[in-house]
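Asks: Build me a model from this:
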Amino acid sequence: MSTIPAAPSETGPEPLDPAGLPTHQPAATELARTAARAAGDLLAPPAPVRLADVVPAPDRVTPDPTADFLLPEDAVILVSPPARDVAEQLADWLRPATGHPLPVGDATPHAEPAGLLVLTLSGAGTAHGADLPGVGELGDEGYHLDVTQDEVRISATTPAGLFHGAQTLRQLLPAPIESATPVAERWAVPGGTIVDRPRFPYRGAMLDVARHFFAVDDVLRVVDHLARYKLNHLHLHLTDDQGWRIAVDSWPRLAEEGGATEVGGGPGGYYTKADYRRIVAYAARRHVTVVPEIDLPGHTNAALVAYPELAPGKIAPPPYTGTEVGFSYVDPADERTYDFVADVIGEVAALTPGPWLHLGGDEAFKVKGATYTGFVERAQGIVRATGKTVVGWHQLAPAAHAEGRVLQWWGTNGDDPETADAVRRGARLILSPGNRVYLDMKYTPDTPIGHDWAGLIDVHRAYDWDPATHLTGVPAEAVLGVEAPLWTESVTTLAEVEFMLFPRLPAIAELGWSPRSAHNWDDFRDRLAGHGPRWTTAGITFHPSPDIPWPAAPTHPTIPTQPTRNTTADTH
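Replies: Got it, this is the predicted structure:
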């Protein structure tokens with residue numbers, strides 16, 4: 001185990017505890033440093049960020065203006081060994097801007113030096129958990145954060161909870177913490193206590209990599225954006241008419257030929273199995289679960305180009321680089337189609353440690369009635385046979401229920417009797433109303449990219465709805481969570497992805513994480529405004545929405561140009 005070496009003392013070496021940390025006898029140099037800090041605190045301004053300025057809004061916040069913590073140059077991070085990776089990530093976030101070394105060591109029950117960031121895995125009744133209010137009710141993702149003049153302590157029952165608490169700590173530091181190079185700054189954290197946990201277990205976003213292909217590094221940056229705001233699922237739309245983006249060993253031409261196109265005639269691309277594993281592992285380290293989508297039985301032109309035997313007429317269609325929908329489908333009457341489905345689903349499921357596998361199912365306009373439901377029911381059975389839980393767009397609703405099935409509702413009218421009936425038969429829902437959270441919709445009529453078929457979606461509209469009551473006839477307990485899809489017919493670069501995500505993504509994250517009682521537009525817009533400087537410092541492109549009172553922002557919604565992106569698969 002790694003330990004923090006003891007600092008030399010003017011009176012000789014300090015005794016070490018069994019973990020190698022100093023027992024912290026008050027040497028003269030330390031007493032002098034403590035006195036200097038106390039004198040400085042009397043004159044210092046309060047922390048520039050308030051404890052309640054977090055996005056998404058925490059469950060409970062108790063500020064203590066007398067307890068601000070100042071991160072010293074010799075600060076250390078201590079962590080319960082099972083959650084060491086969270087501490088390493090926290091150190092990686094804080095080192096560039098502060099210039100502090102921030103060594104990571106193992107927390108012990110012995111006396112600890114001041115100037116600490118402490119991350120501990122606790123439970124009700126454990127050494128650190130018994131006296132912390134709310135620890136027993138944190139669940140799998142909640143955390144308790146306590147800031148005093150001497151330390152910042154984050155406790156949780158799981159590493160995921162510690163990770164979310166670390167993201168909150170990141171937001172509580174001044175905005176220049178996002179700098180990639182050292183900044184002269186007073187690194188103050190506002191004093192007090194936060195007890196926090198999510199409202200819904202599923203909080204996510206979708207990236208369409210089929211209409212336009214995005215290289216692995218672009219996807220990883222999107223993962224970081226989700227994790228920053230405590231979203232925990234990344235849905236990858238991997239297949240569509242314009243491109244097939246995942247390698248399948250048993251059907252190799254799917255990626256090699258089906259992956260060679262995209263909207264507008266670009267070169268496309270696909271993820272090797274190594275690429276996909278890299279995305280999954282990167283996301284898992286940030287407590288984000290990847291949900292792969294293989295869209296069936298429609299949206300399959302790229303697959304039919306590669307394997308004409310799957311087409312109803314057994315004739316290969318031409319590659320498609322437009323944006324219309326609903327014209328393609330695999331042959332539901334041919335057993336070879338189900339061999340294809342089983343092979344593809346089996347290989348993708350084997351690559352995916354998360355519990356979900358998305359079947360698509362939308363806009364299969366040429367597969368109707370019993371033919372459609374029969375195909376869906378067989379496909380659902382194939383997914384279940386892999387041990388995964390079926391997710392599909394709400395068009396799957398008429399098919400027989402499969403155990404655990406989740407429907408993703410993307411309608412624009414909250415009255416949907418067919419989906420409500422599927423819920424009564426056991427389905428759960430992910431809410432993605434097209435006129436609230438579809439991030440490919442324009443902000444305003446003059447937004448330079450995007451669509452408006454579901455209406456214009458400014459930040460206020462993205463925020464001002466309640467997932468628990470949005471759909472008539474669906475009880476709150478049937479709602480698994482929320483997801484914000486970004487379709488990419490008109491989105492071609494990472495900068496454009498970010499422009500469409502920000503600032504709406506944090507609004508949707510708050511709906512998924514924060515208690516309903518915390519949803520307040522005026523309060524949210526003020527909290528969100530402070531994130532503009534953070535995004536600018538971090539190099540994140542965003543739309544300077546007039547809904548938000550930014551401290552400083554461009555006056556026009558422009559998107560920076562980027563170099564031509566790499567559309568080949570990243571095989572690192």
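
Asks: CA atoms for contacts and neighbours, from now on please.
Replies: Will do.

Asks: For the spatially closest residue to R245 that is not a sequence neighbour, give its distance to G532.
Replies: Spatial nearest neighbour of R245, excluding adjacent residues (Cα to Cα, 6 or more residues apart in numbering): Y270 at 4.0 Å. Going from Y270 to G532 by Cα to Cα, to the nearest Å gives 33 Å.

Asks: Please apply the same query to L407.
Replies: Applying Cα to Cα, one obtains 34 Å for the distance of L407 from G532.

Asks: still on that earlier bit, looking at Y270 and G532, which one has more neighbours?
Replies: Comparing Y270 with G532 by other Cα atoms under 10 Å, the one with more neighbours is Y270, at 31 against 24.

Asks: Give me the number of neighbouring residues for P551.
Replies: By other Cα under 10 Å, the residues close to P551 number 10.

Asks: residues contacting it?
Replies: By Cα atoms under 8 Å, 6 or more residues apart in numbering, the residues touching P551 are 529-530, 532-533.

Asks: for P549, same thing?
Replies: P549 sits in contact with 525-526, 529, where contact means Cα under 8 Å, 6+ apart.

Asks: cutoff 6 Å now
Replies: Applying Cα atoms under 6 Å, 6 or more residues apart in numbering, one finds that P549 lies in contact with A529.

Asks: so which strand or helix has it?
Replies: In the assignment (DSSP states H and E), P549 maps to no helix and no strand.

Asks: how near is it to Q167?
Replies: When P549 is compared with Q167 (using Cα to Cα), they lie 23 Å apart.

Asks: Helices of the stretch 1-150 of the chain, residue ranges please.
Replies: Under the criterion DSSP state H, counting those that start in this stretch, the stretch 1-150 of the chain carries helices at the ranges 28-43, 84-98.

Asks: do the stretch 251-400 of the chain as well
Replies: 253-256, 273-285, 301-306, 335-351, 369-385.

Asks: now these as TSV including mean pLDDT, mean neighbour count and distance to T157?
Replies: Putting the helices of the stretch 251-400 of the chain into TSV (pLDDT from 0 to 100; neighbours: other Cα atoms under 10 Å; distance: least, Cα to Cα, whole Å) gives the following:
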stretch	mean pLDDT	mean neighbour count	distance to T157
helix 253-256	98	22	42
helix 273-285	98	18	17
helix 301-306	98	27	44
helix 335-351	98	17	28
helix 369-385	98	18	30
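
Asks: Redo those helices as a markdown table? Include distance to T412.
Replies: Output for the helices of the stretch 251-400 of the chain, formatted as a markdown table (distance: least, Cα to Cα, whole Å):
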| stretch | distance to T412 |
| --- | --- |
| helix 253-256 | 33 |
| helix 273-285 | 30 |
| helix 301-306 | 27 |
| helix 335-351 | 30 |
| helix 369-385 | 23 |
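
Asks: Return the helix or strand in the chain with minimum mean pLDDT.
Replies: Each helix and strand of the chain was given a mean pLDDT (mean pLDDT, DSSP states H and E); the minimum falls on helix 28-43 at a mean of 51.

Asks: burial of G313, as a residue count?
Replies: 11.

Asks: Now do it against R253, distance only.
Replies: The span separating G313 from R253 equals 19 Å under the rule Cα to Cα.

Asks: same check, this time on L528
Replies: With distances defined as Cα to Cα, the gap from L528 to R253 amounts to 46 Å.

Asks: now do S122
Replies: Where R253 is concerned, S122 sits at a distance of 50 Å (Cα to Cα).

Asks: same thing with D547?
Replies: Distance check for D547 against R253: by Cα to Cα, it reads 47 Å.

Asks: Next: W453.
Replies: When Cα to Cα is the yardstick, W453 and R253 sit 34 Å from each other.

Asks: Check R461 too.
Replies: In this structure, R461 lies at 43 Å from R253, with Cα to Cα as the measure.

Asks: now the helices for the stretch 401-550 of the chain?
Replies: So, for the stretch 401-550 of the chain - with DSSP H, counting those that start in this stretch - the helices run 417-424, 434-437, 459-463, 494-501, 504-513, 521-529, 531-538.

Asks: So for E88, which of those sits nearest?
Replies: Proximity of these to E88 was assessed by Cα to Cα; the nearest stretch is helix 531-538, lying at 19.5 Å.

Asks: For the residue nearest in space to the middle of the chain, list the residues it contacts.
Replies: Most central in the chain under Cα atoms, centre = their mean is L226, positioned 2.5 Å from the mean C-alpha point. Residues in contact with L226 (Cα under 6 Å, 6+ apart): none are found.

Asks: Dump the C-alpha coordinates for the helix or strand that contains it into CSV.
Replies: L226 belongs to helix 216-228 when assigned by DSSP H and E. Below are the C-alpha coordinates for helix 216-228, written out as CSV (Å, rounded to 0.1, in the frame of the first residue of the first chain):
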residue,chain,number,x,y,z
VAL,A,216,-13.0,7.0,-29.5
ASP,A,217,-11.4,10.0,-27.9
ASP,A,218,-14.5,12.1,-28.7
VAL,A,219,-16.7,9.5,-27.0
LEU,A,220,-14.4,9.5,-24.0
ARG,A,221,-14.7,13.3,-23.6
VAL,A,222,-18.5,12.9,-23.7
VAL,A,223,-18.2,10.4,-20.9
ASP,A,224,-16.4,13.0,-18.9
HIS,A,225,-19.1,15.5,-19.5
LEU,A,226,-21.8,13.0,-18.2
ALA,A,227,-19.8,12.1,-15.2
ARG,A,228,-19.2,15.8,-14.3
